[in-house]
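A.B. asks: Quick one: sequence plus predicted model below, questions after.
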Amino acid sequence: MTRPPLLLLHGALGCGVQLEPLARVCDPWFQAHIHEFPGHGARAAVPGWTLRTLAEEVLEHWSGPMYVFGYSMGGYVGLMTENLRPGTLLGLVTLGTKFDWSLESGAREIKKLDADFLRTKAPEFVNDLIRLHGADRWTGLLTETAGMMRDLVEGGALETAQMKGIQSKVLFCRASDDRMVSRAETEAVAEALPKGHFLELPGAHGLNTVDVRLLAETVRQAFMGQDSFPKP
């Protein structure tokens with residue numbers, strides 16, 4: 001039996017290698033493919049990218065219909081992809097995707113992307129960025145990511161009416177200790193979609209804080225016709 005395609009999308013400031021453990025665990029059920037976004041990991045930078053341009057790139061590189069898992073920014077790109085070309089997604093699972101891009105919320109997140117602030121307050125995180133993206137590239141990626149967030153604040157985010165038009169089954173997952181993404185904003189989007197579901201998993205915002213086997217089983221059940229999900 002042919003395994004269905006599963007596209008894995010990483011988060012902002014992340015890269016494809018972070019999704020390799022999930023791809024390996026999902027291998028018995030899906031043909032997993034990892035898409036790495038411009039300026040992240042080994043990919044060359046493309047100035048001025050937004051979530052819309054990332055979704056357009058996904059549509060250029062991958063032909064649907066397909067299942068998609070998106071972590072953080074990757075989840076939003078998955079929704080953008082389906083909004084741009086309905087019917088592309090067989091289903092979508094998001095984890096840690098932020099939907100509250102008000103002026104206040106956006107300003108708070110953009111402030112965290114200052115390189116000098118991170119060097120002082122989060123040196124271990126800076127070391128991770130250097131390891132993933134290179135000593136000569138990580139600050140530029142911070143700048144581009146801040147620009148993407150400004151675009152969301154200034155009108156680039158999906159409106160509720162656009163969300164309601166997404167007919168694919170979408171499971172919105174949030175880690176219980178996520179300090180960036182609230183339960184309320186995640187549940188609100190899940191309730192707005194015709195086939196939206198919400199699930200909370202143990203962990204924090206970092207992908208590596210969520211048990212990969214539990215996450216893979218959640219993805220499997222979400223895409224194999226079940227509306228009940230494994231208990232944490």
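C.D. replies: It's in.
A.B. asks: does the residue nearest to the spatial centre of the chain count as helix, strand or coil?
C.D. replies: Central residue of the chain (CA atoms, centre = their mean): Gly74, 2.5 Å from the mean position. At Gly74, secondary structure determined by DSSP: H, G, I helix; E, B strand; the rest coil is helix.
A.B. asks: what does the one 3 residues further on give?
C.D. replies: The local conformation at Val77, judged by three-state DSSP, is helix.
A.B. asks: Is it in contact with Tyr71, as I believe?
C.D. replies: No - Val77 is beyond contact range of Tyr71, at 10.1 Å (criterion: CB atoms under 8 Å). Placement of C-beta: from N, CA and C, glycine included.
A.B. asks: shared neighbours of these two, anything?
C.D. replies: Residues touching both Val77 and Tyr71 by CB atoms under 8 Å, 6 or more residues apart in numbering: Leu9.
A.B. asks: Check the offset of the helix ranked longest in the chain from the chain's centre.
C.D. replies: When the chain is parsed with DSSP state H, its longest helix is helix 138-151. What separates the centre of helix 138-151 from the centre of its chain is 16 Å, taken as CA atoms, centre = their mean, to the nearest Å.
A.B. asks: Ok, stretch 164-178 next?
C.D. replies: Taking CA atoms, centre = their mean, one finds the center of stretch 164-178 at 11 Å from the center of the full chain.
A.B. asks: buried ones in it?
C.D. replies: Across stretch 164-178, burial judged by 16 or more other CB atoms under 10 Å covers Ile166, Ser168, Lys169, Val170, Leu171, Phe172, Cys173, Arg174, Ala175, Asp178.
A.B. asks: Next one, pLDDT for the residue nearest to the centre of the chain please.
C.D. replies: On the pLDDT scale, Gly74 is placed at 98.
A.B. asks: Isn't it up against Leu9?
C.D. replies: Yes - with contact defined as CB under 8 Å, Gly74 counts as touching Leu9 (2.9 Å).
A.B. asks: if I pick the nearest residue to His133 once chain neighbours are set aside, what's in contact with it?
C.D. replies: Once flanking residues are discounted, His133 sits nearest to Leu141: 5.6 Å by CB to CB, 6 or more residues apart in numbering. The contact partners of Leu141, taken as CB under 8 Å, 6+ apart, are Leu13, Gly39, His40, Ala45, Leu129, His133.
A.B. asks: Can you turn the buried subset of the residues you listed into a selection I can paste into ChimeraX?
C.D. replies: Burial among the contacts of Leu141 is assessed by 16+ other CB under 10 Å; the matching ChimeraX selection reads:
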select :13,39,40,129,133
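A.B. asks: quick one: least confident of the contacts of Leu141?
C.D. replies: Lowest confidence among those: Ala45, with 90.
A.B. asks: By mean pLDDT, which helix or strand of the protein comes out lowest?
C.D. replies: Within the chain, judged by mean pLDDT, DSSP states H and E, the helix or strand with the poorest mean is helix 160-164; its value is a mean of 89.
A.B. asks: Which strands or helices does the helix or strand following that helix pack on?
C.D. replies: Sequence order places strand 169-175 as the next helix or strand after helix 160-164, per DSSP states H and E. Where contact means 3 or more CB pairs under 8 Å, 6 or more residues apart in numbering; DSSP states H and E, strand 169-175 is packed against strand 89-95, helix 183-192, strand 196-201, helix 212-223.
A.B. asks: 7 Å instead?
C.D. replies: Applying 3 or more CB pairs under 7 Å, 6 or more residues apart in numbering; DSSP states H and E, we find strand 169-175 packed against strand 89-95, helix 183-192, strand 196-201.
A.B. asks: These: which one's closest to Glu124?
C.D. replies: The minimum distance between Glu124 and those falls on strand 89-95, with 22.0 Å, by CB to CB.
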